[in-house]
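Enquirer: Pasting a predicted model and its sequence here:
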Amino acid sequence: GAVVSQHPSWVICKSGTSVKIECRSLDFQATTMFWYRQFPKQSLMLMATSNEGSKATYEQGVEKDKFLINHASLTLSTLTVTSAHPEDSSFYICSARRGAGSPLHFGNGTRLTVT
Amino acid sequence: DQQVKQNSPSLSVQEGRISILNCDYTNSMFDYFLWYKKYPAEGPTFLISISSIKDKNEDGRFTVFLNKSAKHLSLHIVPSQPGDSAVYFCAASVRAGGTSYGKLTFGQGTILTVHP
């Protein structure tokens, strides 16, 4: 069964508003979670590494003030897209590792459409 | 700079035959490789992985081969089934630890279609 839960699965918002996406690890604790983004017909690109109890680490070219990450507990990380614009429309996916040496498991993703 | 490449955007195979999906990488630091399967509007599902100390790993109908000298890996699915139709991504990471641990670099994906 699923080991990573992501919510919502899809969201439509107006330009200028903010959207929060939640990622939960189910029945295990994840000190680190990863946020990816996928544009149509492109690969998954790592946006940032979410660390419980500390600041997230952002990949080059990803605006930390626009994509706010909060890893509030060992089972929850949130990604907030602030002041969303149509170019932020994408498929956002989080992932977590169940334990040392295990592969990354992904949530089902969130389809964000900004109108 | 695309460090992981899947040069075939699509592959069509008859049911029961072998599907071979290919992946090339350029970063010699990569030491852990994975294959994921993805359906539209869903997150990737882990299929199989291989460490750089091995050249083959098998799990049921899925076998991954790694050729380190050629920086090439492939996924073999035998026999292929219509339910295998999906997008397949290869991914690579540096498993040895440090800040790169856990970061996956993905290829562009290959759409596999298995015809009944």
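Expert: Done, it's in.
Enquirer: okay, now A:Tyr92: neighbour count?
Expert: When neighbours are defined as other Cβ atoms under 10 Å in any protein chain shown, A:Tyr92 has 24 of them. Where C-beta positions appear, they are placed from N, C-alpha and C, glycine not excepted.
Enquirer: For chain B, what lies in contact range of chain A?
Expert: B:4, B:34, B:36, B:41-46, B:49, B:89, B:99, B:102-109 (Cβ under 8 Å from any Cβ of the partner chain).
Enquirer: The host helix or strand of B:Asp24 packs against which elements?
Expert: B:Asp24 is located in strand B:19-25, with elements delineated by DSSP states H and E. Helices and strands touching strand B:19-25, as assessed by 3 or more Cβ pairs under 8 Å, 6 or more residues apart in numbering or on different chains; DSSP states H and E, comprise strand B:4-5, strand B:10-14, strand B:32-38, strand B:72-77, strand B:86-93, strand B:110-115.
Enquirer: which residues touch the first one?
Expert: For strand B:4-5, contacts defined as Cβ atoms under 8 Å, 6 or more residues apart in numbering or on different chains pick out A:43, B:23-26, B:30, B:90-92, B:105-108.
Enquirer: Which pair of those spans the longest distance?
Expert: B:Phe30 and B:Gln108 (16.4 Å; Cβ to Cβ).
Enquirer: what pLDDT does the residue of chain A found nearest chain B get?
Expert: Relative to chain B, the nearest point of chain A is A:Phe106 (3.6 Å; Cβ to the nearest Cβ). Per-residue pLDDT puts A:Phe106 at 91.
Enquirer: so what's it closest to, chain neighbours aside?
Expert: Leaving out its chain neighbours, the residue that sits closest to A:Phe106 by Cβ to Cβ, 6 or more residues apart in numbering or on different chains is B:Gly43, at 3.6 Å.
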